[in-house]
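# All I have is the shape, not the residue letters:
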């Protein structure tokens, strides 16, 4: 038996943010990130819509990129003091992910972060509040997923939290918010969405319910990401839908080692963070090559190529075509080909090599590794990460 879970309601299209007026409750706790949602007037619109719905509103502002355990605990404490029956989060993946984790600690103050890190180990939520997510970026799709990524900065590790309980009750996918994304963020979030869709399609847990969503998302992203990056707002709206479809797919089919590697390299180095979507974009071609050694995975990659009308007669040629397609997108989006070139070389080679065995071990143990189509051991992961650092061929 398998399970397919999505939000109870999904409002989409321009002006969808006004659906907040239909929520029924007494108090809403709004979680938001930096100042962009306030600067562009969306936070005020959220607040007014919730007040129009008859609710008292409290704001929790300033969730950082790659939200920390400390931010989660602070937000949960404020929730317990305010006692909301709706948690509403607006912004990129970071505030929505943080709000999901806050939700668990609000309803279960006695639980521990370590317990929540065990996949699908959350207690039953909705004993105190329901959850509404409003994304402003076109990539994470956390508004429709059973996932949250929280960073323990003391350990330098990102933890993916996974449980169907944290799938939002309501998702509002309004393209007006996505129009505010800067160009680089458009690139990184777009390739994050592409990685979601491709990994979901080849996952060991893919099924008849997830495959159509993944394939359609891949086709839409291939068509609309570059125009969106170049400022076409109709394409930007299409990308906002495409990333949501990719999220529906991967929330139910799960992911693979591209995400395992991105999670464990993102906060590992003193030179700086590797932005999640950029990490996925750099690692995806290498992982496709690695996974394609498994015949069933190779055939599914080939199906993606055929769906995109890429050229190739054999499975091998079609896999090559898909890798070339991803590399081509990365070049047009000005995404580096490897970690060594990231942000002008901020990830020190010596530090990368010193930490490689531990990072590889953590990546193999990541929650996303279990659904990867080809099994991997730490020694192979070390080799794969080296290929991703130096942009060398994957031949194992």
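Thanks, I have it. This structure is a prediction, so every number in the text was calculated from the model and none was measured.
# got a list of what the residue nearest to residue 26 when sequence neighbours are not counted touches?
Leaving aside its chain neighbours, residue 26 sits nearest to residue 85 (5.7 Å; criterion: C-beta to C-beta, 6 or more residues apart in numbering). Any C-beta I mention is one placed from the backbone N, CA and C, and that applies to glycine too. For residue 85, the contacting residues are 25, 26, 27, 28, 128, 129, 130, by C-beta atoms under 8 Å, 6 or more residues apart in numbering.
# One more: residue 283?
258, 261, 262, 388.
# Got the domain ranges for this structure?
Domains of the chain are assigned by automatic domain parsing as 9-178, 183-390.
# Rebuild the ones you listed as JSON lines, extending it with distance to residue 1 and mean pLDDT.
Listed next are the domains of the chain as JSON lines, based on distance: least, C-beta to C-beta, whole Å; pLDDT from 0 to 100:
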{"stretch": "domain 9-178", "distance to residue 1": "14", "mean pLDDT": "95"}
{"stretch": "domain 183-390", "distance to residue 1": "11", "mean pLDDT": "97"}
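# of all the contacts of residue 85, which comes closest to residue 269?
Proximity of those to residue 269 (C-beta to C-beta) peaks at residue 129, which lies at 37.1 Å.
# Straight-line length of stretch 344-353, end to end?
Chord length of stretch 344-353, first to last residue, is 18 Å (C-alpha to C-alpha, to the nearest Å).
# Can you list the neighbours in contact with that stretch?
Contacts for stretch 344-353 (C-beta under 8 Å, 6+ apart): 269, 270, 271, 272, 274, 339, 340, 389.
# what does stretch 96-109 give?
Residues contacting stretch 96-109 (C-beta under 8 Å, 6+ apart): 31, 60, 63, 67, 71-73, 75-76, 79-80, 87, 89-90, 111, 116, 122-123, 125-129, 131, 133, 135, 140, 142-143, 147-150, 161, 165-166, 168.
# Not counting its neighbours along the chain, what's nearest residue 136?
Residue 136 sits nearest to residue 177 (C-beta to C-beta, 6+ apart), 4.1 Å away.
# tell me the contacts of that neighbour?
17, 37, 40, 42, 90, 134, 135, 136.
# and the gap between the residue nearest to residue 26 and residue 273?
35 Å (C-beta to C-beta, to the nearest Å).
# And residue 129, by the same measure?
Distance from residue 129 to residue 273, by C-beta to C-beta: 31 Å.
# Neighbour count for these two, which is higher?
residue 129 (22 against 19; other C-beta atoms under 10 Å).
# isn't the more buried one right next to residue 88, touching?
No: assessed by C-beta atoms under 8 Å, residue 129 is found out of contact with residue 88, at 9.9 Å.
# Spit out the residues that contact those two alike.
residue 29.
# list the contacts for residue 238?
220, 223, 224, 228 are the contacts of residue 238 under C-beta under 8 Å, 6+ apart.
# Can you tell me the element the third one falls in?
Element membership for residue 224, per DSSP states H and E: helix 211-229.
# for that helix, the distance to its chain's centre please.
Taking the mean of its C-alpha atoms, helix 211-229 sits 15 Å from the chain's own mean (C-alpha atoms, centre = their mean, to the nearest Å).
# for that helix, which positions count as buried?
By neighbour count on 16 or more other C-beta atoms under 10 Å, the buried set for helix 211-229 is 211, 213-222, 224-226, 228-229.
# next one: stretch 22-42
Going by 16+ other C-beta under 10 Å, stretch 22-42 has these buried residues: 23, 25, 27-34, 36-37, 42.
# now stretch 127-147
Here stretch 127-147 shows 129-147 as buried, counting by 16+ other C-beta under 10 Å.
# which one is the residue nearest the centre of the chain nearest to, not counting chain neighbours?
Central residue of the chain (C-alpha atoms, centre = their mean): residue 140, 3.2 Å from the mean position. The shortest distance from residue 140 to any non-neighbouring residue, by C-beta to C-beta, 6+ apart, is to residue 93 (3.1 Å).
# tell me the contacts of that neighbour?
135, 137, 139, 140, 142, 149, 276.
# Compute the distance between the second one and residue 87, please.
If you measure residue 137 against residue 87 using C-beta to C-beta, the figure is 19 Å.
# The stretch 101-250 of the chain: strands as residue ranges?
130-135, 147-152, 157-162, 170-173 (DSSP state E, counting those that start in this stretch).
# tell me which element residue 389 is part of?
Here residue 389 is assigned to helix 378-390, by DSSP H and E.
# And that helix, what does it pack against?
Other helices and strands packing on helix 378-390, by 3 or more C-beta pairs under 8 Å, 6 or more residues apart in numbering; DSSP states H and E, are helix 257-266, helix 276-291, helix 349-364.
# Could you count how many residues lie near residue 209?
Residue 209 has 15 nearby residues by other C-beta under 10 Å.
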